[in-house]
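A.B. asks: Just to be clear, the model below is a prediction. Sequence and coordinates:
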Amino acid sequence: MGNIFDYLTWRGDLTFTQDPPNAVDALIFSTLTYVDYGEKAARDPDTAVTLRQCAEEFFSLEDPEGRARSKKDIELLHRAAETVRFGQCRLCLFQSRFLPEQETQFAAMTFLPDDGTMFLAYRGTDNSLVGWKEDFNMTFQQTIPAQRLAQEYIRQAALAYTAPMRVAGHSKGGNLAVFAAARCSPTVRKRILTVYNNDGPGFTKYMIGDPGYNAIVPRIRTYIPQSSVIGMLLEHEEPFLVIRSKSVGLMQHDPYSWEVEGPNFLPVQEVTESSQFLDATIKNWFASMSNQERNRLVEVLYSLLTTGEVENAADIFQPKNIRAYVKTLSSDADMRHILSTEFQGLLEAAKKARTSMGEAKELPPDKSEELRVESEE
């Protein structure tokens, strides 16, 4: 089966008027957000320019590879800009905020296809340690800065254009897309056709009862690979479609690994047993900690990682940084105690998850269903 590059070859000659936007298009728009575009993309709504023009400017910039998350993102921009389908889309309202002191990493942009709609796309977590720290903050904070920026962005975009809209994102961007759609005004929410959440994490329980969230749930389309980790985190109210990935484990989070057949992702019946086990383990672990304890753990881990020369996630396992971590832990008894205590809790959560999964397998299907109903009551 193919991937999004093959989809561009197959469907790239048709405009969105000829063939309406679908979930694969949404993933492409979401992944295009991982590129830092030039000045043309940042212009006001009245001077929006095509993706092809933005690509031409991007490739004329000095060190374009330093302005994207990966080489594949650059290839996607090049390939998409060459197609009729994406190259003619106008791009505007590009915003990017990177504020380490406020633990904030955010970017979003608006695409204007030729079908008279608008496509708001939110960037997921980049390679920065700050971006990952903000993700971890989701486990104990009701809202993070990127979510508040996402809410303000959809308000601004709705003022700039009156067209019906679709909202999308990959990874944290999927979470931001859902959050923005849930927290925008009812007037703006009525204009939203679909929200595409591509393997984005859920929310803490406070969001599940939110009226705006409940109102938008029927329009949310969530896609996760069969060994999903990120997309299974926290709480989801909406159903999700499990799709096939060519990668294994955590690498399935990579959108380029998702298998595409025609205009659709290739579905599978359910997530793998390892994904179910990891999901149960993390949920058990979080349930065993208070918000204050989660906060403390995140701060301690971040403090430990920043004792090395770490600017992005790829630096974490550099030998010189590992030596820095060991040195810090050997001299900080409080840090050692906190990490030891919480990771012992992780082991206990894993044991509990393994036991519960084993017991569920031993029960007949009808008894398993009765157990599920009883537990919900």
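C.D. replies: Received, thanks.
A.B. asks: where exactly do the strands run in this structure?
C.D. replies: With DSSP state E as the criterion, the chain has strands at 49-50, 90-99, 104-112, 118-122, 165-170, 192-198, 220-225, 240-243, 260-261, 264-265.
A.B. asks: residues of the second one that come out buried?
C.D. replies: For strand 90-99, burial by neighbour count (16 or more other Cβ atoms under 10 Å) applies to 90-96. All C-beta atoms are positioned from the backbone trio N, CA, C, and that covers glycine.
A.B. asks: Quick check: the residue nearest to residue 95 when sequence neighbours are not counted vs residue 187, distance?
C.D. replies: Nearest residue to residue 95 in three dimensions, chain neighbours excluded: residue 108, at 5.4 Å (Cβ to Cβ, 6 or more residues apart in numbering). Using Cβ to Cβ, to the nearest Å, residue 108 is found at 20 Å from residue 187.
A.B. asks: who's more crowded, these two?
C.D. replies: residue 108 (28 against 8; other Cβ atoms under 10 Å).
A.B. asks: right, and that one touches residue 119 too?
C.D. replies: No: using Cβ atoms under 8 Å as the test, residue 108 is too far from residue 119 to be in contact (11.0 Å).
A.B. asks: In contact with residue 81, which residues?
C.D. replies: Neighbour list for residue 81: 51-52, 54-56, 87 [criterion: Cβ atoms under 8 Å, 6 or more residues apart in numbering].
A.B. asks: Just the buried residues from these, in ChimeraX please.
C.D. replies: With 16+ other Cβ under 10 Å as the criterion, this ChimeraX line picks the buried residues out of these:
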select :51,52,54,55,87
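A.B. asks: possible to save the contacts of residue 81 as TSV with distance to residue 44 and pLDDT?
C.D. replies: Output for the contacts of residue 81, formatted as TSV (distance: Cβ to Cβ, whole Å; pLDDT from 0 to 100):
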residue	distance to residue 44	pLDDT
51	17	96
52	20	96
54	15	93
55	20	95
56	20	94
87	22	97
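A.B. asks: List just the nearest of the contacts of residue 81 to residue 217.
C.D. replies: Each of the contacts of residue 81 was checked against residue 217 using Cβ to Cβ; the closest is residue 51, at 31.0 Å.
A.B. asks: how about low-confidence regions in the stretch 201-350 of the chain?
C.D. replies: Counting by pLDDT under 70, the stretch 201-350 of the chain contains no low-confidence range.
A.B. asks: Repeat the analysis, applying 80 as the threshold.
C.D. replies: 310-314 (pLDDT under 80).
A.B. asks: Break down it into its helices, ranges please.
C.D. replies: For the stretch 201-350 of the chain, applying DSSP state H, counting those that start in this stretch gives helices covering 211-216, 273-287, 291-305, 319-331, 333-362.
A.B. asks: who wins for proximity to residue 101 among the ones you listed?
C.D. replies: Proximity to residue 101 (Cβ to Cβ) singles out helix 291-305 among the helices of the stretch 201-350 of the chain, at 13.3 Å.
A.B. asks: what's that closest one in contact with?
C.D. replies: By Cβ under 8 Å, 6+ apart, the residues outside helix 291-305 that reach it are 129, 133, 136-137, 139-140, 286, 289, 316, 321, 325, 328-329, 335, 338-339, 342.
A.B. asks: Which PyMOL command selects the buried ones in those?
C.D. replies: The buried residues among those can be selected in PyMOL (16+ other Cβ under 10 Å) with this line:
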select buried, resi 129+133+136+137+139+140+286+289+321+328+335+338+339+342
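A.B. asks: can I get the helices of the stretch 201-350 of the chain in TSV with distance to residue 14?
C.D. replies: What follows is those, written out as TSV (distance: least, Cβ to Cβ, whole Å):
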stretch	distance to residue 14
helix 211-216	29
helix 273-287	35
helix 291-305	46
helix 319-331	48
helix 333-362	45
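A.B. asks: Of all these, which one is nearest residue 152?
C.D. replies: helix 211-216 (14.9 Å).
A.B. asks: how near is the residue nearest to residue 95 to residue 167?
C.D. replies: Residue 108 is 10 Å from residue 167, by Cβ to Cβ.
A.B. asks: Please enumerate the shared neighbours of the two.
C.D. replies: Between them, residue 108 and residue 167 share the contacting residues 120-122, judged by Cβ under 8 Å, 6+ apart.
A.B. asks: As TSV, the residues you listed with distance to residue 30 and neighbour count would be great.
C.D. replies: Listed next are the shared contacts of residue 108 and residue 167 as TSV, based on distance: Cβ to Cβ, whole Å; neighbours: other Cβ atoms under 10 Å:
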residue	distance to residue 30	neighbour count
120	10	28
121	5	27
122	8	33
